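**Student:** Predicted model, plus sequence, below.
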Amino acid sequence: MSSKSQSSSVSGGLLVSATTPVSPSRSCTTLSVHLRWTGSSASCSALIDSGAEGCFMDETWAREHDIPLRQLREPTALFALDGSPLPRIQRETLPLTLTVSGNHSETISFLIFRSPFTPVVLGHPWLVCHNPSINWSSNSILSWNVSCHVKCLMSAIPPVSSVSSSQEEPGDLTGVPEEYHDLRTVFSRSRATSLPPHRSYDCSIDLLPGTTPPRGRLYSLSAPERKALEDYLSVALAAGTIVPSSSPAGAGFFFVKKKDGSLRPCIDYRGLNDITVKNRYPLPLMSSAFEILQGARFFTKLDLRNAYHLVRIREGDEWKTAFNTPLGHFEYRVLPFGLANAPAVFQALVNDVLRDMLNIFVFVYLDDILIFSPSLQIHVQHVRRVLQRLLENCLFVKAEKCTFHASSVTFLGSVISAEGIKMDPAKVQAVIDWPVPKSRVKVQRFLGFANFYRRFIRNFGQVAAPLTALTSVKTCFKWSVSAQGAFDLLKNRFTSAPILVTPDVSRQFVVEVDASEVGVGAILSQRSLSDDKVHPCAYFSHRLSPSERNYDVGNRELLAIRLALGEWRQWLEGATVPFVVWTDHRNLEYIRSAKRLNARQARWALFFARFEFVISYRPGSKNTKPDALSRLFSSSVASTDPEGILPEGRVVGLTVWGIERQVKQALTHTPSPRACPRNLLFVPVPTRLAVLQWAHSAKLAGHPGVRGTLASIRQRFWWPTREHDTRRFVAACSVCAQTKSGNSPPAGRLRPLPIPSRPWSHIALDFVTGLPSSAGKTVILTVVDRFS
């Protein structure tokens, strides 16, 4: 390429260097541009040529696309680099709308000349006018001239899915300071849903050698789901985010209900993710931001809108995203939710867009952007620069989720302020809110949780001594001041260093989960580099709602995984090393490869696709830490009697409330053994007779047999000899012995065999066994002819 200074040797014409016969895609910088004129439009690549003294268009390309031309009043001379004359320029285009990078629009005319290697040349005058900052390695524009933000960027439209100014929804400026109201376009909802341009950051879907995307099943849809599908397809097709497809691939498409009752479209990309080459682009460490945040006093947090849909699928890879519906076969042109490489691709995009600001006054983690500055005046300038850069690159901000000019913000599980980075209290809230134990069993549960971390607490035995004394069956349970002090001190130790460590996404995480009848608990852990021991990073517990308590055991355990991964998404999504999830429900080891899922599991499977992890089984006896967190709500939930729905005095069946209270009262003196299932109550010896009488002899029990009595007991109670005791009790019941009739059918009448009419017509065979051995034989076969 030539420099501008070379033009001084040529007079009376224009200098152009774009006629060199070299493919610009291989050795020159090109940009994707979009041209619009009356009734038509076209996209092409434009060569950036600082040695060209004008903007040019190839004559052949203009003719092929029927671009309107006009004659110049006077022909313009044209010279090559060496000063040799070229054919004069006699025509130019009518004013066209040129859109660069999807969001920079202007009206411009091009001089027509022969340029077989590039359709459009943007020369030195264009570069001077707009003064773009160009990333030469990625062929992208990082920023524009200040005047462009008023003239060009504010009038830009999406290149494919256009949005008229009359239809475009104004940006939501709720909570946005007035300093940024002139940049309202960056907060636009409609612009965030339009089709973005192709960029160097397009998501590639490279498959493992010898593999092809699987063909998913076609799900049948109900009438409301079919209507939702029609609406979804019409909106997505109009926006250009999906197109009809003839791809041989096809993932399953279905709907799941949201909390508000509306339907969410889901696509099962598990098969595609299994054969996709993983993108290992690293996610940043929050711990690395400590030094760059020094001196910052003002903070702004931005959240990007429709983040993944702002990234295009690499041209040629769209067919791999195809999905099946009863209304046709379609494929995505933008990054859909559920693809394995989505976090890495989006992180690379935002990093490159804000490259010159990163770790200076900007920290980026996926769609979360933190801006920090030492003073308010400088902070406003920094925020404006970031918002302008996002707008220039077709990235839009969700104003309702942003925080502006704050002295303290919560970001990625940490509280950031002028004092530095502190732990978010929510990370340890599950332990801080641990209720005071009210029984010996609850003290044992707390000490079981604490015992795993005793090696990190100096003089653990001495600190926990008042609590340990309460577990003895030889003393009466009485909560004391010393026990309260030990309880508070241990909770404080659990939630501070050196036990709690800062998560490091470059190393493997361990997620331990468990679910009880009333809650779920989870612990996020990592092995520390300093002592090579496993330390907790965060705790989590959640009280189950009434509907969640109705889930079966498998779904409650799966819910625990879903909630834990959602709570710690900022660390687990895109982690460098696949993490491990420990659960005491063995069937969940195969849930990620299950062929048939119910609607709830399918919704969760779509969420799980964002993570790379392995589910491993651990017996309940070794999974005590999350088990303790899952039972924090037991006392408050269990103490609430069921709400009556029948008139008073109306009895319709057997109730268990009274006998349960009697058993629980006995449990305050006798702890449950480890063998007792978590969903059943252990029955101490003194109350077993009462339970047997309740299940068999009570007025409403009806004196059932062994099977019926056991069925009632098995629903709520357990003890080691439950079956044996039940059989003995029912067999000894005097009422049953006096009134119960036999269940066996009456004996049939005796019918002697007819007398045979001839020899060998009826033969009887039998064995004589148990004889002393004779020549190795101990059995005699006897054959009798009944005629004889």
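**Tutor:** Received, thanks. Residues are numbered from 1 along each chain as shown.
**Student:** wait, residue 51 sits on residue 124?
**Tutor:** Yes: assessed by CB atoms under 8 Å, residue 51 is found in contact with residue 124 at 7.0 Å. (Glycine included, C-beta is placed from N, CA and C.)
**Student:** Centroid-nearest residue for this protein?
**Tutor:** residue 607 (3.6 Å; CA atoms, centre = their mean).
**Student:** My reading is that that one lies in a strand. Confirm?
**Tutor:** No: according to DSSP: H, G, I helix; E, B strand; the rest coil, residue 607 belongs to no strand; its state is helix.
**Student:** I'd like to know which elements the one helix or strand residue 229 maps to is packed against.
**Tutor:** In this structure, residue 229 is located in helix 223-239 according to DSSP states H and E. Helix 223-239 is packed against strand 242-244, strand 251-257, strand 263-268, strand 328-332, with contacts defined by 3 or more CB pairs under 8 Å, 6 or more residues apart in numbering; DSSP states H and E.
**Student:** let's go with 6 Å and repeat that
**Tutor:** The criterion is 3 or more CB pairs under 6 Å, 6 or more residues apart in numbering; DSSP states H and E, and there are no helices or strands that helix 223-239 contacts.
**Student:** Please work out the average pLDDT along the helix or strand harbouring residue 380.
**Tutor:** Following DSSP H and E, one finds residue 380 within helix 376-392. Mean per-residue pLDDT for helix 376-392: 88.
**Student:** And the contacts of the helix holding residue 229?
**Tutor:** 161, 193, 242, 255, 263, 265, 325 (CB atoms under 6 Å, 6 or more residues apart in numbering).
**Student:** any idea how far the third one is from residue 745?
**Tutor:** Counting by CB to CB, to the nearest Å, the separation of residue 242 from residue 745 is 68 Å.
**Student:** next one: the second one
**Tutor:** From residue 193 across to residue 745, the span is 74 Å (CB to CB).
**Student:** what does the fifth one give?
**Tutor:** Per CB to CB, residue 263 is found 56 Å from residue 745.
**Student:** Tell me which of these two has more neighbours.
**Tutor:** residue 263 (19 against 6; other CB atoms under 10 Å).
**Student:** Just give the closest residue to residue 372, not the sequence neighbours.
**Tutor:** Of all residues not flanking residue 372 in the chain, residue 296 sits nearest, at 3.7 Å (CB to CB, 6 or more residues apart in numbering).
**Student:** try residue 659
**Tutor:** Closest to residue 659 by CB to CB, 6+ apart is residue 694, at 4.6 Å.
**Student:** What separation do you get for that neighbour and residue 708?
**Tutor:** Distance of residue 694 to residue 708, given as CB to CB: 13 Å.
**Student:** downstream neighbour of the lowest-mean-pLDDT helix or strand in the chain in the secondary structure list?
**Tutor:** One helix or strand of the chain scores below all others by mean pLDDT, DSSP states H and E: helix 634-638, with a mean of 47. Sequence order places helix 657-667 as the next helix or strand after helix 634-638, per DSSP H and E.
**Student:** Who are the packing partners of that next one?
**Tutor:** helix 685-692.
**Student:** what angle do the helix it packs on and helix 657-667 make?
**Tutor:** Here the directions of helix 685-692 and helix 657-667 differ by 170 degrees (axes from the mean of the first three to the mean of the last three CA atoms, to 10 degrees).
**Student:** more crowded one of residue 694 and residue 708?
**Tutor:** It is residue 694, of residue 694 and residue 708, that has more neighbours when counted by other CB under 10 Å, with 25 against 15.
**Student:** Look up how far residue 677 lies from that one.
**Tutor:** Distance of residue 694 to residue 677, given as CB to CB: 20 Å.
**Student:** again, but for residue 54
**Tutor:** Distance, residue 54 to residue 677, by CB to CB: 83 Å.
**Student:** thinking again about what came up before, helix or strand for the residue nearest to residue 372, just tell me which one.
**Tutor:** Under the criterion of DSSP H and E, residue 296 resides outside all helices and strands.
**Student:** That one: neighbour count?
**Tutor:** A count of neighbours around residue 296, defined by other CB under 10 Å, yields 20.
**Student:** Is it correct that residue 281 falls within a helix?
**Tutor:** No: counting by three-state DSSP, residue 281 is not found in a helix; it is coil.
**Student:** Does it touch residue 344 like I think?
**Tutor:** Yes: the pair residue 281 / residue 344 is scored as a contact, 3.8 Å apart, by CB atoms under 6 Å.
**Student:** And the two? Which one has more around it.
**Tutor:** Set side by side, residue 281 and residue 344 show more neighbours around residue 344, with 19 against 16, by other CB under 10 Å.
**Student:** Surely that one is in a strand?
**Tutor:** No: looking at residue 344 with three-state DSSP, it is helix, so not inside a strand.
**Student:** What score does it have for pLDDT?
**Tutor:** As predicted, residue 344 sits at a pLDDT of 84.
**Student:** Residue 455 now?
**Tutor:** Residue 455 is given a pLDDT of 53.
**Student:** so what's residue 690 closest to, chain neighbours aside?
**Tutor:** residue 662 (6.2 Å).
**Student:** how much space between the one you found and residue 739?
**Tutor:** 28 Å.
**Student:** now do residue 121
**Tutor:** Residue 121 is 105 Å from residue 739, by CB to CB.
**Student:** Walk me through the domains of the protein.
**Tutor:** 4-155, 223-423, 427-494, 510-636, 677-737, 757-788 (automatic domain parsing).
**Student:** what's the least confident stretch among those domains?
**Tutor:** Comparing mean pLDDT over the domains of the chain, the weakest stretch is domain 427-494, at a mean of 73.
**Student:** what about the helices in the stretch 101-250 of the chain?
**Tutor:** 124-130, 148-151, 189-192, 223-239 (DSSP state H, counting those that start in this stretch).
**Student:** The third one - what's its average pLDDT?
**Tutor:** Averaging the model's pLDDT scores along helix 189-192 yields 77.
**Student:** and it, how far from the chain's centre?
**Tutor:** 24 Å (CA atoms, centre = their mean, to the nearest Å).
**Student:** Can you show me the CA trace of it as PDB?
**Tutor:** The C-alpha coordinates for helix 189-192 follow below in PDB (Å, rounded to 0.1, in the frame of the first residue of the first chain):
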ATOM      1  CA  ARG A 189     -34.500  -2.800  23.100                       C
ATOM      2  CA  SER A 190     -35.500  -3.000  19.400                       C
ATOM      3  CA  ARG A 191     -31.900  -2.500  18.200                       C
ATOM      4  CA  ALA A 192     -30.700  -5.200  20.600                       C
END
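**Student:** List the buried residues in it.
**Tutor:** 189-192 (16 or more other CB atoms under 10 Å).
**Student:** what do you get for stretch 67-79?
**Tutor:** Counting neighbours by 16+ other CB under 10 Å, one finds that the buried residues in stretch 67-79 are 67, 69, 76, 78-79.
**Student:** So which of these is the closest to residue 339?
**Tutor:** residue 67 (38.1 Å; CB to CB).
**Student:** so which helix or strand takes in that closest one?
**Tutor:** Of the helices and strands defined by DSSP H and E, none includes residue 67.
**Student:** Can you show me the helices along the stretch 451-600 of the chain?
**Tutor:** With DSSP H, counting those that start in this stretch as the criterion, the stretch 451-600 of the chain has helices at 460-463, 465-469, 481-494, 553-567, 569-572, 599-608.
**Student:** Between these, which one is closest to residue 406.
**Tutor:** Residue 406 sits nearest to helix 569-572 of all the helices of the stretch 451-600 of the chain, at 18.6 Å, using CB to CB.
**Student:** Distance across stretch 177-188, terminal residue to terminal residue?
**Tutor:** 16 Å (CA to CA, to the nearest Å).
**Student:** got the contact list for that stretch?
**Tutor:** For stretch 177-188, contacts defined as CB under 6 Å, 6+ apart pick out 171-173, 380, 387, 390-391, 396-397, 399, 404.
**Student:** and the closest residue in space to residue 382 that isn't next to it in sequence, how many neighbours?
**Tutor:** In space, residue 382 comes closest to residue 361 once its chain neighbours are excluded; the distance is 4.7 Å by CB to CB, 6+ apart. When neighbours are counted by other CB under 10 Å, residue 361 registers 23.
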